[in-house]
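Trainee: kindly generate the corresponding structure for this input.
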Amino acid sequence: MVREDGKRNFALREEDGSEPSEFSGNMPRQAALKAARTLDPAPSEDEAERITLRLREKGTKKVHEYEGWAWKDSAPEVDDADDDFWLNDLNDITKANVSKQGIEYIDEA
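Mentor: The predicted structure is shown next:
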């Protein structure tokens, strides 16, 4: 279901059917990227473990399946401390990426 602001809500679906987390985004990929950033990050992208992320779109029976991974990277250089004050104390940030695997439709009685 689409909210008034145009965003949709997606529940992270576990193997047992439970849905412990919820992410929002205009598109399923945006929510999947947010979910991937919660994964345990590897030291580099090449070393990152690929995890299957299943996101059920709330109000539907669609489950968007992604392969997701996360890694640590160095924080970007800050030119103007006033603009990005929150980055000054960070050495590393978590980056993530996802790859769409497909869409599944669930039948729940």
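Trainee: show me what contacts I51?
Mentor: The contact partners of I51, by C-beta atoms under 8 Å, 6 or more residues apart in numbering, come to A36, L39, E67, G68, W69. To be clear about C-beta, it is placed using only N, CA and C from the backbone, and glycine gets the same treatment.
Trainee: do that again at 7 Å, thanks
Mentor: L39, G68, W69 (C-beta atoms under 7 Å, 6 or more residues apart in numbering).
Trainee: hmm, P28 is touching L55, no?
Mentor: Yes - taking contact to mean C-beta atoms under 7 Å, the distance of 6.1 Å between P28 and L55 places them in contact.
Trainee: overlap of the contact sets of the two?
Mentor: By the contact definition C-beta under 7 Å, 6+ apart, P28 and L55 are jointly contacted by F10, H64.
Trainee: the more surrounded of the two?
Mentor: In this view P28 and L55 are compared by other C-beta atoms under 10 Å, and L55 has more residues nearby, 29 against 21.
Trainee: where does I103 land on pLDDT?
Mentor: For I103, the pLDDT comes out at 97.
Trainee: swap that for N91, please
Mentor: Residue-level pLDDT assigned to N91 equals 73.
Trainee: please apply the same query to K95.
Mentor: Looking at K95, its pLDDT stands at 95.
Trainee: any low-confidence regions in this structure?
Mentor: Low-confidence segments of the chain, defined by pLDDT under 70, are located at 1, 77-90, 108-109.
Trainee: go again with 80.
Mentor: When the per-residue scores of the chain are filtered using pLDDT under 80, the ranges that remain are 1-3, 75-91, 108-109.
Trainee: can you pull out the helices in it?
Mentor: 28-36 (DSSP state H).
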